[in-house]
Structure formats: C-alpha cells, structure tokens
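Participant: let me see the structure of the following:
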Amino acid sequence: MDRQLLARELTRDEGARLRPYKDSIGFWTIGIGHLLGTEQRMTEITEAEMYALFEADVTSAELLVRGLFPTYPLLDDVRQRVLVNMAFNLGTRLSQFTHFIDSVQRSDWAQAAADMMHSKWATQVGVRASRLHDMMLSGDA
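Facilitator: Presented below is the predicted three-dimensional model:
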C-alpha cells in the first residue's frame, strides 16, 4: 500500500491541527484525526508529535483491517487504502459493518460500495464516503 498517498488522503479528509477541536460528532481530536475522546486532555502539540501520533494511528488502523479482512494482502492498493481510511476514521466500529466485510471478502465491489453508503457513517462524513465509495467500486483513485 502506498502509505504516502494514504497520508495525503487522510490529511485531506481529517485536516491537520496542532490544537484540539471537536470533531463532527463531538469528540475531542488533535493532529491528523487523532481521537482524544470526551475530554480535551491536550492543549497543543508540535508538528513532530502530530506526525508521530499519525504514524501510530495509521499502523493501528492497518492492523485492525488485517484482522477484519483476511484477503487484505491480496487487494489492490486503492482498495487497501479505502479500508485503512475507513478503519482510521471508524476504529473498531468498522467491525460492525458485517455486510460490508462479507462483500469485500467476496470481492463483490459493487455490493461493498453500496454497503458503505447504507450507514450512519456515510451521512456523517459526506464527501469522504462518496469518494471512498467510488474508489471501492472502481479500484481507481
């Protein structure tokens, strides 16, 4: 998987902020989508800290995806990035997308893309979901 391209996509989707902010569902976040939770816990971080948190979060997201999708290593780069992007954003809640997981395991890209859009997540992230839907469906970025 092209981690540099994934980093650009996640930075576009999440933004990059050195001070904490509340995300679209009211959780405190800092850096590039690093979840702090219901408490602010930090007041400011450096760019180096932001990128260290980001690298750890991407690694965690990829480990989650590898656990949920046994066929992950066999997927093309674009679909791998879609799955890691979703795991980065959703965390372990991605495991609740059981129909989506089954569709990916069957390489049924049309159904997987449709499953993505039939979720509360898709309405919460808007354009991001549409972009990831198109990437999942076509295998092109």
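Participant: quick one: strands adjacent to the strand ranked longest in the chain?
Facilitator: For the chain, the strand reaching the highest residue count under DSSP state E is reported as strand 17-22. Take DSSP bridges as the rule and strand 17-22 pairs in its sheet with strand 28-31 (antiparallel).
Participant: in its sheet, what does the helix or strand just after the strand it pairs with sit against?
Facilitator: On the C-terminal side of strand 28-31, the nearest following helix or strand under DSSP states H and E is strand 34-37. Sheet partners assigned to strand 34-37 using DSSP bridges are listed as strand 28-31 (antiparallel).
Participant: contacts for the longest strand of the chain next, please.
Facilitator: Surrounding strand 17-22, the residues in contact under the criterion C-beta atoms under 8 Å, 6 or more residues apart in numbering are 28-31, 36, 40-47, 50. The way it works is simple: take the backbone N, C-alpha and C, and place the C-beta from them, glycine included.
Participant: distance from stretch 134-141 to the middle of the chain?
Facilitator: Relative to its chain's centre, stretch 134-141 lies at 15 Å (C-alpha atoms, centre = their mean, to the nearest Å).
Participant: what comes into contact with that stretch?
Facilitator: Contacts of stretch 134-141 with the rest of the structure, by C-beta under 8 Å, 6+ apart, involve L5, D76, V78, R79, R81, V82, W109, A110, A112, A113, M116.
Participant: same thing but 7 Å
Facilitator: Among residues not part of stretch 134-141, those counted as contacts by C-beta atoms under 7 Å, 6 or more residues apart in numbering are D76, V78, R79, V82, W109, A110, A112, A113, M116.
Participant: so what's the model's average confidence on it?
Facilitator: Stretch 134-141 shows a mean pLDDT of 96.
Participant: would you mind writing the CA trace of that stretch as PDB?
Facilitator: Listed next in PDB are the C-alpha coordinates belonging to stretch 134-141 (Å, rounded to 0.1, in the frame of the first residue of the first chain):
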ATOM      1  CA  ASP A 134     -16.100   5.400  -5.900                       C
ATOM      2  CA  MET A 135     -12.600   4.100  -5.100                       C
ATOM      3  CA  MET A 136     -14.000   0.800  -3.800                       C
ATOM      4  CA  LEU A 137     -16.300   0.400  -6.700                       C
ATOM      5  CA  SER A 138     -13.800   1.100  -9.400                       C
ATOM      6  CA  GLY A 139     -10.400   0.300  -7.900                       C
ATOM      7  CA  ASP A 140      -9.200   3.700  -9.200                       C
ATOM      8  CA  ALA A 141      -8.400   6.700  -7.100                       C
END
